[in-house]
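Q: coordinates for the following, if possible.
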Amino acid sequence: MRSLVLSLVLALSLPAAAPVTAQVSDGKPQACAQSGDPFDRAEIAQERAAERERYRKNGANVARYDDTLRLVLDGGKTLELVDCPYGDTGYLYLYERFDEGGPFYVIRTPGHEDLSYTLAMKSSGKLFTVYGAPVWAQDKSRFLTVACSLLPERSTLSVLRPAGEGLVTEAEIDLPCALESCSARWDFQTWISISCAPRDDTARRGTEFVMMRGNDGAWKKFGR
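A: Next comes the predicted model:
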C-alpha cells in the first residue's frame, strides 16, 4: 500500500488576523490513470473523517459519495471531483472551506509527493490550481499565494484577483526558495512584504523586500 506522502511545502506567514508559469491554471477535473500502488486507505479514511467535519458546515452545498466530492454551483448545477488514489501521479480532493471573496470552494489536493489547492468557482465550475492557500488583501480585491518548496521545486509569489467567472494573475514574483524559506503578508491592499530566512546558515542575513502596486496596476519590487 502506497502511503500518501506530501512534499515539503513551506508555511505561509499569515497577516495579523490567512500559481512557475503559471501558478494558476484553469480547466476541468483531472483524468485519473488508475495504475500503480494504491494510497494507504487508513490515511485516506483519516483525511476524510477530518473533511467531514468541515463540509458539514456547508452541508447544503457540499457532499461526499465514496471517492466523489460533489459541489453545488450557482443555478443548482453540480460539479463532481473524483479522487484518484493510485500511483505516483495520484491525488485526492479534500474540501477545506468556501471562500466568499472568490467566491470559490477551496479544495486541498494532496498527492504522493505534492500538495496543491484546487479553487472551484461557484458561478462557473471552472477550476484553478494554486500551490498555496489564498490570502486576501484587506479590501478583498485580490489575494496572494506563496509556492515555496524544495520538492517539487517551486519559488513563486503570485497575486490574483477575481474577474468575471474566473481569476486573472496580476503578478508573479520569483522567490529565493532554493536557499531560503519565504513568507509574505499584506501590509496594505497595494503593499506586500516578503521575508526570506536562510535554511541552514542562521547567522547569514536573509532576503527582505516589498512589492507595491502602482497607479498603472503594475507591481514593482523594492528592496534587496
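Q: tell me the spacing between the residue lying closest to residue 39 once chain neighbours are set aside and residue 35.
A: Among residues not flanking residue 39 along the chain, residue 85 sits closest, at 3.9 Å (Cβ to Cβ, 6 or more residues apart in numbering). In this view, the C-beta of every residue, glycine as well, is placed from N, C-alpha and C. Distance, residue 85 to residue 35, by Cβ to Cβ, to the nearest Å: 12 Å.
Q: please apply the same query to residue 54.
A: Separation of residue 54 from residue 35 (Cβ to Cβ): 30 Å.
Q: which of those two has more residues huddled nearby?
A: For residue 54 versus residue 35, neighbours defined as other Cβ atoms under 10 Å are more numerous around residue 54 (16 against 11).
Q: give me the number of residues near the residue nearest to that one when sequence neighbours are not counted?
A: Nearest non-adjacent residue to residue 54, counting by Cβ to Cβ, 6+ apart: residue 95, 5.7 Å away. For residue 95, the neighbour count with other Cβ under 10 Å is 25.
Q: need the contact list for residue 95.
A: 51, 54-55, 58, 62, 64, 69, 71, 105-108 (Cβ atoms under 8 Å, 6 or more residues apart in numbering).
Q: beta partners for it?
A: Going by DSSP bridges, residue 95 is paired in beta bridges with residue 107.
Q: ok so, going back, tell me the phi and psi of the residue nearest to residue 39?
A: Main-chain torsions, residue 85, degrees, to the nearest 10: phi -80, psi 60.
Q: just checking, it touches residue 38?
A: Yes - at 5.8 Å, residue 85 counts as touching residue 38 under the criterion of Cβ atoms under 8 Å.
Q: those two: which has the busier surroundings?
A: residue 85 (22 against 13).
Q: contacts only, for that one.
A: 4, 38-39, 44, 67, 91-92.
Q: buried only: go through these for me.
A: 4, 39, 44, 91-92 (16 or more other Cβ atoms under 10 Å).
Q: farthest pair in the residues you listed?
A: 44 and 91 (11.5 Å; Cβ to Cβ).
Q: so what sits against both of the two?
A: 83, 85.
Q: grab the nearest non-local neighbour of residue 104.
A: Sequence neighbours aside, residue 119 is the residue nearest to residue 104 in space, at 4.5 Å (criterion: Cβ to Cβ, 6+ apart).
Q: roughly how far does the one you found sit from residue 129?
A: Applying Cβ to Cβ, the value for residue 119 to residue 129 is 8 Å.
Q: more neighbours: which of the two?
A: Neighbours per residue (other Cβ under 10 Å) separate residue 119 from residue 129, with residue 119 holding more: 25 against 18.
Q: what's the most distant pair in the contacts of residue 85?
A: 4 and 67 (13.9 Å).
Q: and the residue nearest to residue 218 when sequence neighbours are not counted, what is it in contact with?
A: Leaving aside its sequence neighbours, residue 218 sits nearest to residue 171 (Cβ to Cβ, 6+ apart; 7.9 Å). Residue 171 sits next to 158-159, 211, 218-219 when contact means Cβ under 8 Å, 6+ apart.
Q: show the average pLDDT along the strand or helix carrying residue 98.
A: Per DSSP states H and E, residue 98 falls inside strand 94-99. Averaged over strand 94-99, pLDDT sits at 96.
Q: likewise stretch 167-174?
A: On average, stretch 167-174 scores 93.
Q: and that stretch, what's buried?
A: Of the residues in stretch 167-174, those buried (16+ other Cβ under 10 Å) are 167, 170-173.
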